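Undergrad: sequence unavailable; structure follows:
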Ligand SMILES: Nc1ncnc2c1ncn2[C@@H]1O[C@H](COP(=O)(O)OP(=O)(O)OP(=O)(O)O)[C@@H](O)[C@H]1O
Ligand SMILES: [Mg+2]
C-alpha cells in the first residue's frame, strides 16, 4: 500500500508538507509532527440496506435523573455517542457516577473507565456519594484495554473519563494531543456503535471554555453536553450544544451537595429565592428555554461615569444588544445615559440569547436610573425594536403561567396577550409606555 508523509500540528490540526518549528496557524512551538498516511482506500464490503420505520426503532433508557433525561431529549439513546465537557472540578465525574449507578440499578451492564483517578479514590467517592449497588470500574489510560473490555462483554453504556487521558500506545504522540484524541475517539465510537453500546466521553475544556482537542471530536459524536456553573455557588447547569436525538435549548439544573448532584425541578424558585427587598435596578423575566419557563432576575446599575467614554458591561445578556437598547432608550425617552456607566447582570449565571429579555433589561436600567422600585411581584417580557416598539414574542402563555405559579401579580408585556385575572397583564406599545408608568412623584411603578 502506498504511503504518503504529511506534517500536522498536534495542537490545531494544521497540515503542511514540510516540518516547521512553529505552527503558522495557532502559533504553538514544537507541535508539528510527521504522519504517514495510507494512500489507498481500505477494503470494505458494506452494502445498502432497505430501512422501514418498524425495522430499527429508536431505543431509549430513561434514567429517572430528571434533568439529565430532559437535556438528552428523553433519556439515553441506545448506541449513542455523548461528549460531556466542563471546567475542572465542576462535577463531571460526580454526574457520571450517578448515571452509572442508576444504570446498574435498572439492570443494565455498565462500565466506568477512569484514566484520571485511582481505584481507591473512586471507591471513596462512591461511598461519599452514597451510591447503591456495585459497578465495574476499569482504571486505564490505554485504548487497547477499553477496546478489549468492550469486545469481551456487551455493555449497554461505557463512560470514558476522560477522552484526553486515553491514548493509543502505537502512536508516537503524547496523550491529549490532537492526533491521539482523533484516533482514540474515532476507534471507540466505531467499535461501540457496532455493538450498540451507548458511550459518554468526558472532555476537558480549554481556558476559553471549548472542549480541548480537535473540533472534529464534536462532529463525530451525536450529542455534546456542557456542564457549567459557578464553583462558588451550589448549582450547576447541563446544556446540550448539539443533539441528534433531542432539542438543543433544554437546560438541566442540578444542585451540588456533598452527597452528590440533585435535580432541581422548579428552577424559578431557585433563581429568585435569593432576591430580597431590592430598592431599584432589578426586574423579573420569565425565560423560556427548551420546554420549560424559568423566571430569572435581571439587575442593572447606572452610576455616574468617571470616564470620558462610559463603560457598558453585561453578564448573561448580549453586549451588542445592550448598546442598541441604550441608544433606543436615549432616543425614545430623551434620558441621557452618555454620562452613565451601565452594568447589566442576569443572576444565577444564566446566559439569555432570547430577545424577549429586552424589556426586562430596559426596566432594570430605568429602575436604577430613576431609583424606583419595579416591585417584587412584577415581571417584564418583550422584544424592543429599533424604533422603541415592544414586539410580540413566542410562548407568551407559558411565561404568564410560570409567573402566576410564582405569585407574580402583574406582567408588563407586548400587546395582544388576552389575559384577565392573575397575573394582571399590562400591554405596552412602545418603551415610552413603560416610562409613563414611572410615577414622577413616587418611588414605585404605577400600574395605570
Ligand atoms: N470530599 C468531598 N466533600 C464534599 N464535596 C466534595 C468532596 N470531593 C469533591 N467534592 C465536590 O465535588 C466537586 C468535584 O467534582 P468532580 O470530581 O465530579 O468534578 P470533575 O468535573 O470530574 O473534575 P475533574 O475535571 O478534576 O475531573 C468539587 O468541586 C467539590 O465541590
Ligand atoms: Mg473528574
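TA: Yep, that arrived. These numbers come from a predicted model, not from an experiment. Numbering: from 1, shown residues only. Ligands and ions are numbered 1, 2, ... in the order given.
Undergrad: which stretches of the stretch 151-300 of the chain aren't confidently modelled?
TA: When residues are selected by pLDDT under 70, those of the stretch 151-300 of the chain lie in 209, 211-214, 274, 276-278.
Undergrad: could you tell me which residues of it lie near ligand 1?
TA: Taking C-beta under 6 Å from any ligand atom as the test, the list of the stretch 151-300 of the chain residues beside ligand 1 reads 256, 258. Where C-beta positions appear, they are placed from N, C-alpha and C, glycine not excepted.
Undergrad: where in the stretch 1-150 of the chain is pLDDT low?
TA: Of all residues in the stretch 1-150 of the chain, those with pLDDT under 70 make up the ranges 1-3, 37-42, 54.
Undergrad: do a quick rundown of the strands in it.
TA: For the stretch 1-150 of the chain, applying DSSP state E, counting those that start in this stretch gives strands covering 3-9, 15-16, 32-38, 60-61, 76-77, 81-86, 110-114, 137-139.
Undergrad: outside of the first one, which residues touch it?
TA: Pointing back at strand 3-9 there. Outside of strand 3-9, the residues that reach it under the criterion C-beta atoms under 8 Å, 6 or more residues apart in numbering are 14-20, 23, 25-26, 28, 31-39, 178-179.
Undergrad: what of the third one?
TA: Outside strand 32-38, the residues within contact range by C-beta under 8 Å, 6+ apart are 1-10, 16, 19-21, 23, 172-173, 179.
Undergrad: the nearest residue to residue 69 once chain neighbours are set aside: neighbouring residues, count only.
TA: Across the structure, with C-beta to C-beta, 6 or more residues apart in numbering as the measure, the residue nearest residue 69 apart from its sequence neighbours is residue 75 (4.9 Å). Other residues lying near residue 75 total 18 when counted by other C-beta atoms under 10 Å.
Undergrad: all helices for the stretch 151-300 of the chain, in order.
TA: Listed from the start of the chain, the stretch 151-300 of the chain has helices (DSSP state H, counting those that start in this stretch) covering 178-194, 216-220, 267-272.
Undergrad: any chance of the ones you listed in JSON lines with mean neighbour count as columns?
TA: JSON lines is the format used below for the helices of the stretch 151-300 of the chain (neighbours: other C-beta atoms under 10 Å):
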{"stretch": "helix 178-194", "mean neighbour count": "19"}
{"stretch": "helix 216-220", "mean neighbour count": "16"}
{"stretch": "helix 267-272", "mean neighbour count": "20"}
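Undergrad: doesn't residue 14 make contact with residue 24?
TA: Yes. At 7.0 Å, residue 24 counts as touching residue 14 under the criterion of C-beta atoms under 8 Å.
Undergrad: compare the two (neighbour count), which wins?
TA: Neighbour tally, residue 24 and residue 14, criterion other C-beta under 10 Å: the higher count belongs to residue 14, 18 against 10.
Undergrad: ok, the more buried one - contacts?
TA: If a contact means C-beta under 8 Å, 6+ apart, then residue 14 has 8, 23-26 as its contacts.
Undergrad: ok, 6 Å please
TA: By C-beta atoms under 6 Å, 6 or more residues apart in numbering, residue 14 lies in contact with 23, 25.
Undergrad: how much space between it and residue 335?
TA: 51 Å (C-beta to C-beta, to the nearest Å).
Undergrad: likewise residue 138?
TA: Distance from residue 138 to residue 335, counting by C-beta to C-beta: 64 Å.
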